[in-house]
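Enquirer: Just need the structure, nothing else, for what follows:
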Amino acid sequence: MSTDTAHLTRLEAQRPAHAPGLFAALSDRRIYDFLDEGPPASVEDMRATILRRLDGPQDGSADLWLNWTVFAGDTIAGYTQATVNPAAARADIAFVLSPAFWGQGVAAQACRLMFSQLFERFGPLTLHADTALGNDRSRRLLARLGFALARETGAGAFYVKDP
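Expert: So this is what the prediction gives:
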């Protein structure tokens, strides 16, 4: 794959048909070094996760769960997601990509596309993201995307990007 894939990146609203490609993209254990979960166990497990995400929060909150599958060309590279609270004009964002696409600009482009969709739909939002202190790759990406470090705890770093 070309090292210049950023111009080929696109997002699609996540749907069950993406399960096989997401399973393939998200099966590499290196992805989970800084996450509280492990790789999907099967394509069916991935499909069940997508269906839960489509259901949205079960706690009666006003939050909206938005999930996009990230494509680099025709290949599924991972996903982005946002938990949006429209009343608070806030979105908590995340991104998870296959190591096959790390360092190629795909994550940055996918995040910018996600931000564009969020702003078009909800207007100005304050964006929040967090990552493990040791996840230097994500920390550098958040800085490149204009996020400012808000605080650090024993294990995590919390970032904010004002509209």
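Enquirer: The longest strand anywhere in the chain pairs with which strands?
Expert: The strand that spans the most residues within the chain, counting by DSSP state E, is strand 75-85. With DSSP bridges as the criterion, the sheet partners recorded for strand 75-85 are strand 64-72 (antiparallel), strand 90-97 (antiparallel).
Enquirer: for the last one, which positions count as buried?
Expert: Going by neighbour count (16 or more other CB atoms under 10 Å), the buried part of strand 90-97 is 90-91, 93-97. All C-beta spots, glycine's among them, are computed from the backbone N, C-alpha and C.
Enquirer: How about residues contacting it?
Expert: Outside of strand 90-97, the residues that reach it under the criterion CB atoms under 8 Å, 6 or more residues apart in numbering are 25-26, 31, 35, 70, 77-85, 106-107, 110-111, 114-115, 118, 122, 125-129, 138, 141.
Enquirer: Using ChimeraX, define a selection of the buried residues within those.
Expert: This is the ChimeraX syntax for the buried subset of the contacts of strand 90-97, where burial follows 16+ other CB under 10 Å:
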select :25,26,31,70,77,78,79,80,81,82,83,84,85,106,107,110,111,114,115,118,122,125,127,128,129,138,141
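Enquirer: Okay, Leu54 and Asn67: tell me how far apart.
Expert: Relative to Asn67, Leu54 is positioned 8 Å away (CB to CB, to the nearest Å).
Enquirer: can you list residues touching both of those two?
Expert: Common neighbours of Leu54 and Asn67 (CB under 8 Å, 6+ apart) are Gln14.
Enquirer: Between the two, which is the more surrounded one?
Expert: Applying other CB atoms under 10 Å to Leu54 and Asn67 shows that Asn67 carries more neighbours, namely 20 against 13.
Enquirer: Sketch out the helices for this structure, chain order is fine.
Expert: If DSSP state H is used as the criterion, the helices of the chain fall at 19-25, 43-55, 106-122, 136-144.
Enquirer: other SSEs contacting the longest one?
Expert: Counting by 3 or more CB pairs under 8 Å, 6 or more residues apart in numbering; DSSP states H and E, the packing neighbours recorded for helix 106-122 are strand 9-13, strand 64-72, strand 75-85, strand 90-97, helix 136-144.
Enquirer: can you pull the buried residues of the last one?
Expert: Which is helix 136-144. So for helix 136-144, counting by 16+ other CB under 10 Å, buried means 138-139, 141-142.
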